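# Return atomic coordinates for the entry below.
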Amino acid sequence: MKGYRKILIAVNGSKNVLAEGLKLAGDEQCWVTVVKVIPPNEGDLNLTGIKNIGDVLDSGGERVISEFQDIAEAERTLIKTRLEEGKTHEKIIEVAEEERCDLIILGAQKKKNPLLKIFGGNTIEKVIQEAPCPVLVVGI
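Numbers count the residues shown, from 1 in each chain. Model prediction:
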């Protein structure tokens, strides 16, 4: 894994991909950006009676990003975090381009629900096809 200076770790909620990515980055002393993408807010919402609309709209993304910061601090690694809203594969690629990353690390479930494959939504394939840099998929 020599030669990588900037790594993007795309996190879907699992902390395992972050841990594996930080191990790789720590070995190479790379700059690490961690991105979590939340789905776009579409349609009208009737949110009467909800105390914190922000938490509902970002699906707890801010809380998860805070947890990732805690994990990185425990590993004594500095990370930059980004919470993005939109189509997952597009945002991952966009962040990789903006941050000029040399490598994208994604997590994939080892046992994937076959219905997800049939009905699309394979973010990993889309990122691999369109990424401006190599992509490393970590089984979680």
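# Helices of the protein, start to end?
15-28, 53-57, 61-74, 88-98, 114-118, 123-130 (DSSP state H).
# pLDDT averaged over the fifth one, what's the number?
Right, the one you point to is helix 114-118. Averaged over helix 114-118, pLDDT sits at 56.
# now do stretch 7-27
Here the average pLDDT along stretch 7-27 is 85.
# show me where pLDDT drops low in this structure?
Counting by pLDDT under 70, the chain contains low-confidence ranges at 1, 13, 41-59, 111-121.
# rerun that using 90 as the cut-off
Low-confidence segments of the chain, defined by pLDDT under 90, are located at 1-4, 11-30, 38-69, 71-78, 107-124, 138-140.
# which residue is nearest the centroid of it?
A10 (2.2 Å; C-alpha atoms, centre = their mean).
# quick one: contacts for E94?
Going by C-beta atoms under 8 Å, 6 or more residues apart in numbering, E94 touches E84. Quick note: C-beta positions are derived from backbone N, CA and C, even for glycine.
# 10 Å - rerun?
E94 is in contact with 35, 37, 84, 86-87, counting by C-beta atoms under 10 Å, 6 or more residues apart in numbering.
# How about T33?
T33 sits next to 6-10, 79-82, 95-96, 98-101, 104 when contact means C-beta under 10 Å, 6+ apart.
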